[in-house]
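J.: Coordinates for the following, if possible.
(2 chains)
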Protein chains: 2
Amino acid sequence: MTAKLTAAERTAALAELTGWTVVPERDAIRKSFKFGDFVGAFGFMTRVALLAEKADHHPEWSNVYNRVEILLTTHDASGLSARDVALAKAIDALLG
Amino acid sequence: MTAKLTAAERTAALAELTGWTVVPERDAIRKSFKFGDFVGAFGFMTRVALLAEKADHHPEWSNVYNRVEILLTTHDASGLSARDVALAKAIDALLG
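T.: Here you go, the predicted model:
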């Protein structure tokens, strides 16, 4: 069982992330990524998939050609947890 | 430019597909796939990505853990075309 972030933890965590926005109705964070083409987008998704599987924490995500939308939340915690923040940072680190 | 299917072509095409349903508001077809886990789902997505790139025809799709939702439509044709039907068949053949 993973704990949901407290309000203070959430504020601190979001301040460390760039481009991730809160989805209040889901208690989740979301970010959109755009690439040059489908190969760029799916290559990125493959790297994220490996990160996610290793962390045993998986995104809700969608892809349309060169765009990828990623939503992170923790089902176990019924909301945003430190695992989402860690995965968001790892995803951003892929893009340097 | 790809031609949108006529009503008669559409009826014939859908009769050849299993599990694909029409999304009228998008003039698209959609199917849900379920796997044992994330690795099963993403492995399937990787195979679909290679098919799609080879066909130069890409799905709109989403994944949540072991589930994959695929929507096919042809932006060039503003609706369902023979390319969607061909890709749907190729996707189903992966699971053969």
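J.: going forward, measure contacts between C-alpha atoms and count neighbours the same way
T.: Noted.
J.: And the helix or strand that contains residue A:83, what does it pack against?
T.: Counting by DSSP states H and E, the element that carries residue A:83 is helix A:82-94. Contact partners of helix A:82-94 among helices and strands, from 3 or more Cα pairs under 8 Å, 6 or more residues apart in numbering or on different chains; DSSP states H and E: helix A:38-55.
J.: Name every strand pairing with the helix or strand following the helix it packs on and say which way it goes.
T.: Once the chain leaves helix A:38-55, the next helix or strand it forms, by DSSP H and E, is strand A:60-64. Strand pairing for strand A:60-64, determined by DSSP bridges: strand A:67-72 (antiparallel), strand B:60-64 (antiparallel).
J.: I'd like these written out as CSV, with mean pLDDT, mean neighbour count and distance to residue A:31 added.
T.: Shown next, in CSV, are these (pLDDT from 0 to 100; neighbours: other Cα atoms under 10 Å in any protein chain shown; distance: least, Cα to Cα, whole Å):
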stretch, mean pLDDT, mean neighbour count, distance to residue A:31
strand A:67-72, 98, 21, 5
strand B:60-64, 98, 19, 15
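J.: sorry, back to before: what does the helix holding residue A:83 rub up against?
T.: Helix A:82-94 is contacted by residues A:3-5, A:13-14, A:17, A:29, A:47-48, A:51-52, A:55, A:57, A:72-74 when judged by Cα atoms under 8 Å, 6 or more residues apart in numbering or on different chains.
J.: again, 7 Å this time
T.: With contacts defined as Cα atoms under 7 Å, 6 or more residues apart in numbering or on different chains, helix A:82-94 is touched by A:5, A:13, A:17, A:48, A:72, A:73, A:74.
J.: what angle do that helix and strand A:67-72 make?
T.: 150 degrees (axes from the mean of the first three to the mean of the last three Cα atoms, to 10 degrees).
J.: from chain A, which residue is nearest to chain B?
T.: Closest to chain B within chain A is residue A:62: 3.9 Å, counting by Cα to the nearest Cα.
J.: Now do the contacts for that residue.
T.: Residue A:62 touches A:68, A:69, A:70, B:61, B:62, B:63, counting by Cα under 7 Å, 6+ apart.
J.: Looking at those residues, which is nearest residue B:42?
T.: Nearest to residue B:42 among the contacts of residue A:62 is residue B:63, at 8.2 Å by Cα to Cα.
J.: Just the element for residue A:11, please.
T.: Using DSSP H and E, the element containing residue A:11 is helix A:7-16.
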